[in-house]
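Enquirer: A predicted structure for the sequence below; I have some questions about it.
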Amino acid sequence: MTSRNYSIETIGIVGTGAMGRGIAQIAALAGLTVRLYDTKPAAIGAARDYLADTFARLTAKGKLDQARSLAALANVSGAQVIGDLADCDLIVEAVVEKLDVKQALFRELETVVSGSCVLASNTSSLSITAIAAGCTDPSRVAGYHFFNPVPLMKVVEVIDGLRSDPAVGDMLMDLARRMGHTPVRAKDMPGFIVNHAGRGMNTEGLRVAGEGIASFADIDRIMREQAGFRLGPFELLDLTALDVSHPVMESIYHQFYEEPRFTPSPITGTRLAGGLIGRKTGEGFYRYEDGKQQVPAEAPAPTELPESVWVSKRYPQAHEAVVQLVANAGVTLDEGATPAANSLIVVTPFGYDATTAAVDEALDANRVVALDTLFPLHGAQRRTLMTTPATTRTARDTAHALFAADGTPVTVIRDSTGFVAQRVVATIVNIGCDIAQKQIATPADIDLAVTLGLGYPRGPLSLGDALGANTILTILRNIFSVLGDPRYRPSPWLARRAQLGLSLTQRDAADTQTETQQ
């Protein structure tokens, strides 16, 4: 395969829906000549009208000057027939997510455009190699995956198929920067980077709900307020809508040949069948009235404090943090080697459920509660408390009162391996590590793609480093030891770096040295 130089000034966009319009907008603003084509001629005019309205609105708000607005709109024209795309340097397709449709389109485009024209697909989940397989020249085919809404989501995945010319990907990376976007490079694997990494939040959140551990709203509260994410899994699913997200979950699961990490939940299939799709239909995991999410109110915290509290010393740092909360609440600390008969018993497991922690330390499960200490307890926006099946109501309520005594909201959940935040965050980190292990993308691009594409507070690898690779490894190993579910097996990337004390964002030293020498 001979590498070529590519110069892009005229871009054709096939498909004038939300994605096509968004790509056209940023391309026109970057000074590119844009040709819009759609099998429905009326859609082309509608797309240009939409862009005219958008540019006018941005100008009225002072975000775009008049001259640039008029120039951008002048850059956009319609292609009445596919042959009008003949002079394009690049074609980006944004049509329906069906492999046969995309393959047929690319075969037709090859008969129209020049031999130097690049063909790019905005597919979110289909194989670039498979799309290119029907082309005479698959070397000029690559993936160019933007996110909706394109002007606001400033990241784009550049995907190399097995036969893609590396120069094509290089050109698309440069073009993305010219259009004001941040490009990340990925190999042709299911879900690429963002949709692959996104399995952790949604599938594990659904798993927690499916086990009856906590309500949708409580899981979202924990992930937002305790773990620091912008949205919880069910808020996110309502935003993306189940008619989009459920098929993607199933597609990635099957493309990875039923990999347990990506197992979908029957919850989404049932809700999709029932029309509970999400925000756009007015009801999903939440109801929406006039576009506003309706969230069930939390019950007030109990007020009766325990007489005394015994805190497990299994994890010394966690012990000290809990002891400080007990002192702040003015409750007597039971400092005995074993709990006194009237003491509330607090354990702080990582990965284990409260039951396993109680049995492991030979404690009275009737008085045991578990507190999640993965994230700082002091200055927290929320704390999570977990009971065993044997925990009495008195023990549960006095523990709730204790850990809410400083005004911090407390969510009480049923027994769960890894609470909620621990298991969701550990799954996110683990999947990110697997993406790095499989060399689908560099550690830097994985973190960049996830922070920009999913809005997480950190990328999965940086998040693992912040919480401690050994801590994440402990959580996963302990969950796996209790459940025996292979979805929780630690990635080799995580396990090796944790054991060696290396950062999860660090590539193999020999690889880094080789790149430096080159």
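Expert: Nice, thanks for sending it over.
Enquirer: can you give me the helices in the stretch 351-500 of the chain?
Expert: Secondary structure of the stretch 351-500 of the chain by DSSP state H, counting those that start in this stretch: the helices cover 354-360, 393-403, 421-437, 443-454, 460-467, 469-483, 492-500.
Enquirer: what's the answer for the stretch 101-250 of the chain, then?
Expert: In order along the chain, the stretch 101-250 of the chain carries the following helices (DSSP H, counting those that start in this stretch): 128-132, 166-178, 194-197, 199-210, 216-221, 233-240, 242-255.
Enquirer: those helices: which one's closest to W493?
Expert: Taking CB to CB as the criterion, helix 194-197 is the member of the helices of the stretch 101-250 of the chain that comes nearest to W493, at 13.3 Å. (C-beta placed from N, C-alpha, C; glycine too.)
Enquirer: just say helix, strand or coil for I11.
Expert: At I11 the chain is in strand, as set by DSSP: H, G, I helix; E, B strand; the rest coil.
Enquirer: break the chain into its domains for me.
Expert: Using the TED database, the domain ranges for the chain come out as 10-188, 194-294, 308-408.
Enquirer: what's the average pLDDT for the first one?
Expert: Same thing as domain 10-188. In this model, domain 10-188 has an average pLDDT of 97.
Enquirer: ok, back up a step: could you say which of the helices of the stretch 351-500 of the chain is packed most deeply?
Expert: helix 421-437 (a mean of 26; mean count of other CB atoms under 10 Å).
Enquirer: and the helix or strand encompassing A27, what's buried?
Expert: Using DSSP states H and E, A27 maps to helix 18-29. Judged by neighbour count (16 or more other CB atoms under 10 Å), helix 18-29 contains these buried residues: 19-29.
Enquirer: now the two most distant members of the residues you listed.
Expert: Farthest pair in these (CB to CB) is M19 and L29. Separation: 16.3 Å.
Enquirer: does R35 belong to a helix, a strand or coil?
Expert: The three-state label for R35, taken from three-state DSSP, comes out as strand.
Enquirer: show me the contacts for it.
Expert: The contact partners of R35, taken as CB atoms under 8 Å, 6 or more residues apart in numbering, are 10-13, 77-79, 84-85, 88.
Enquirer: please enumerate the strands of the stretch 301-450 of the chain.
Expert: Applying DSSP state E, counting those that start in this stretch to the stretch 301-450 of the chain gives strands spanning 308-311, 332-334, 344-347, 368-371, 383-387, 410-413.
Enquirer: who wins for proximity to V425 among those?
Expert: Proximity to V425 (CB to CB) singles out strand 383-387 among these, at 12.1 Å.
Enquirer: what helices or strands is that closest one leaning on?
Expert: strand 368-371, helix 393-403, strand 410-413 (3 or more CB pairs under 8 Å, 6 or more residues apart in numbering; DSSP states H and E).
Enquirer: can you lay out the ones you listed as JSON lines showing distance to A449 and mean pLDDT?
Expert: Converted to JSON lines, those look like this (distance: least, CB to CB, whole Å; pLDDT from 0 to 100):
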{"stretch": "strand 368-371", "distance to A449": "34", "mean pLDDT": "98"}
{"stretch": "helix 393-403", "distance to A449": "36", "mean pLDDT": "98"}
{"stretch": "strand 410-413", "distance to A449": "30", "mean pLDDT": "98"}
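Enquirer: a markdown table for the ones you listed, including distance to Y286?
Expert: As requested, these are arranged in a markdown table below (distance: least, CB to CB, whole Å):
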| stretch | distance to Y286 |
| --- | --- |
| strand 368-371 | 28 |
| helix 393-403 | 25 |
| strand 410-413 | 17 |
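Enquirer: out of those, which comes closest to R221?
Expert: With respect to R221, and counting by CB to CB, the nearest of the helices and strands packed on strand 383-387 is strand 410-413 at 6.0 Å.
Enquirer: ok, T391 touching A370?
Expert: No - counting by CB atoms under 8 Å, T391 stays clear of A370, with 9.3 Å between them.
Enquirer: who touches both of the two?
Expert: A354.
Enquirer: what about P302, how many residues nearby?
Expert: P302 has 18 neighbours, counted by other CB atoms under 10 Å.
Enquirer: also N195?
Expert: Around N195 there are 22 other residues, counting by other CB under 10 Å.
Enquirer: so it makes contact with G143?
Expert: No - proximity of N195 to G143 does not meet the contact threshold set by CB under 8 Å, at 11.9 Å.
Enquirer: any stretches of the stretch 151-300 of the chain with poor pLDDT?
Expert: Applying pLDDT under 70 to the predicted model, the stretch 151-300 of the chain contains no residue that meets it.
Enquirer: please look at Q294 and E283 and confirm they touch.
Expert: No - at 9.4 Å, Q294 does not count as touching E283 under the criterion of CB under 8 Å.
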